[in-house]
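**Student:** What follows is a predicted structure for the sequence shown.
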Amino acid sequence: MSQNKSFISKIAENILKRTKPDYMDSHEKINEFLAEKSKKESKPAKSIFKSTEFSGMEVFTFGDENSKNTIVYVHGGAYVNEINWQHYLFCFLLSRKLDAYVIAPVYSLAPLHKSKETFDQITELYKNVLAKNDNITLMGDSAGGGFVLSFCQYLKTINLSQPDHIITFSPWVDISMSNPPYDNENDPILGEIGLREIGKSWAGEFDTKDYRVSPLFGDNSGLAKTLIFAGDGEIFYRDIKKYYEDLKNKGVDARLITGKGMFHIYPLFPIPEAKKAFKEIKKEIME
């Protein structure tokens, strides 16, 4: 693996390693974590940004609704953690730099809620966006990225239009984690043990290999133009490559940008590599 990454990204990676959630690598800890999460609804981080309510969700908005571009941003957090300041700031940056109106739903999370409930919520939101906006991009990071890819497959089954663009960062494309071995030791954020249990909780009535929770097993034909970012140092990288290869085989106009030596969702961090990624995002949407 290439080590030609910036000094700042190396610092960020070391910090992430020291703060990696213990429930990602421990059966006991993940069970405790999910049990605690089951006791009450979680709440998003407090924000200075505007929010409204739609379809039972709080929805944050950034920028002018009359902007040239519209981005629906589905946040990550392994389907169990709420939107946070990293997401708020990234959405704000998108709105400022891309002449975009950014819509970030606070969707229902596991273990109290299951994937089908969130599908219903986001479907209603997307119908509303289609009716009012043009130049639509569906975007998401990690679990949110996986959700976006599943959702775009799902759109074909309910006869709703594809967005103009799909952009994801380190999407979780297989919640069944069925392609071991996974490099748990070197990923500073994620771990196979925790992810497997969270995946089961999120799937609910669906099998963990159902395309609605694991887009790796779905039909990618007819998807919109797709841009995927991933670090080759993250646990999801092999699954993401496999997913990307299927996109290409199905004739989708797709690009995979690999951050050499980089970690999970690296474009969302304040590092030089993220600036390069943002230029690619801008090119994808605005050129």
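**Tutor:** Done, it's in.
**Student:** all helices for the stretch 101-250 of the chain, in order.
**Tutor:** Using DSSP state H, counting those that start in this stretch, the helices assigned to the stretch 101-250 of the chain run over residues 115-132, 143-155, 192-203, 237-249.
**Student:** okay, those, which one's buried deepest?
**Tutor:** Between those, helix 143-155 has the highest mean count of neighbours, a mean of 25, where neighbours are mean count of other CB atoms under 10 Å. Any C-beta I mention is one placed from the backbone N, CA and C, and that applies to glycine too.
**Student:** which residues touch residue 47?
**Tutor:** For residue 47, the contacting residues are 60, 85, 88, by CB atoms under 8 Å, 6 or more residues apart in numbering.
**Student:** measure it to residue 92 for me?
**Tutor:** Separation of residue 47 from residue 92 (CB to CB, to the nearest Å): 10 Å.
**Student:** which parts of stretch 11-29 are buried?
**Tutor:** Within stretch 11-29, the residues that qualify as buried by neighbour count (16 or more other CB atoms under 10 Å) are 12, 13, 20, 21, 23, 24, 25, 29.
**Student:** what are the phi and psi values for the third one?
**Tutor:** What that stands for is residue 20. Here is the backbone geometry of residue 20 (degrees, to the nearest 10): phi -60, psi 130.
**Student:** Tell me which residues touch it, please.
**Tutor:** Shown here is residue 20, whose contacts under the criterion CB under 8 Å, 6+ apart are 188, 189, 191.
**Student:** Give me the pLDDT for it.
**Tutor:** For residue 20, the pLDDT comes out at 95.
**Student:** Where does the prediction get shaky in the stretch 101-250 of the chain?
**Tutor:** Within the stretch 101-250 of the chain, no range satisfies pLDDT under 70.
**Student:** what's the neighbour count on the closest residue to residue 144 other than its chain neighbours?
**Tutor:** Closest residue in space to residue 144, ignoring its immediate chain neighbours: residue 74 at 3.6 Å, by CB to CB, 6 or more residues apart in numbering. Residues near residue 74, counting by other CB atoms under 10 Å, number 26.
**Student:** got the contact list for residue 74?
**Tutor:** Residues touching residue 74, when contacts are defined by CB under 8 Å, 6+ apart, comprise 104, 105, 107, 122, 138, 139, 140, 144, 145, 147, 148, 151.
**Student:** Closest to residue 160 out of the residues you listed?
**Tutor:** Ranked by distance to residue 160 (CB to CB), the contacts of residue 74 are led by residue 151 at 9.8 Å.
**Student:** Chain neighbours aside, what residue packs nearest to that closest one?
**Tutor:** Leaving out its chain neighbours, the residue that sits closest to residue 151 by CB to CB, 6+ apart is residue 122, at 6.2 Å.
**Student:** Relative to residue 106, how far out is that neighbour?
**Tutor:** Looking at residue 122 against residue 106, where the rule is CB to CB, the gap reads 11 Å.
**Student:** same deal with residue 45?
**Tutor:** Taking CB to CB as the measure, residue 45 falls 10 Å from residue 106.
**Student:** Look up the residues that both of the two are in contact with.
**Tutor:** Common neighbours of residue 45 and residue 106, using CB under 8 Å, 6+ apart, are 82, 83.
**Student:** Between these two, point out the one with more neighbours.
**Tutor:** The neighbour comparison of residue 45 against residue 106 (other CB under 10 Å) goes to residue 106, with 18 against 11.
**Student:** Who does residue 231 form a beta bridge with?
**Tutor:** With beta bridges defined as DSSP bridges, residue 231 has these partners: residue 259.
**Student:** and it, how many residues sit next to it?
**Tutor:** 27.
**Student:** Please name the residues that touch it.
**Tutor:** By CB under 8 Å, 6+ apart, the residues touching residue 231 are 170, 237, 258, 259, 261, 262, 263, 264, 266.
**Student:** So of the residues you listed, which two are at opposite extremes in space?
**Tutor:** 170 and 261 (14.2 Å).
**Student:** Between those two, which is the more surrounded one?
**Tutor:** residue 170 (32 against 19).
**Student:** before we move on, back to that, of all the helices of the stretch 101-250 of the chain, which one is nearest residue 278?
**Tutor:** Closest to residue 278 of those is helix 143-155 (CB to CB; 16.1 Å).
**Student:** quick one, strands of the stretch 151-287 of the chain?
**Tutor:** Using DSSP state E, counting those that start in this stretch, the strands assigned to the stretch 151-287 of the chain run over residues 165-169, 225-231, 254-259.
**Student:** how about TSV for those, with distance to residue 241 added?
**Tutor:** Rendered in TSV, the data for these read as follows (distance: least, CB to CB, whole Å):
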stretch	distance to residue 241
strand 165-169	13
strand 225-231	8
strand 254-259	7
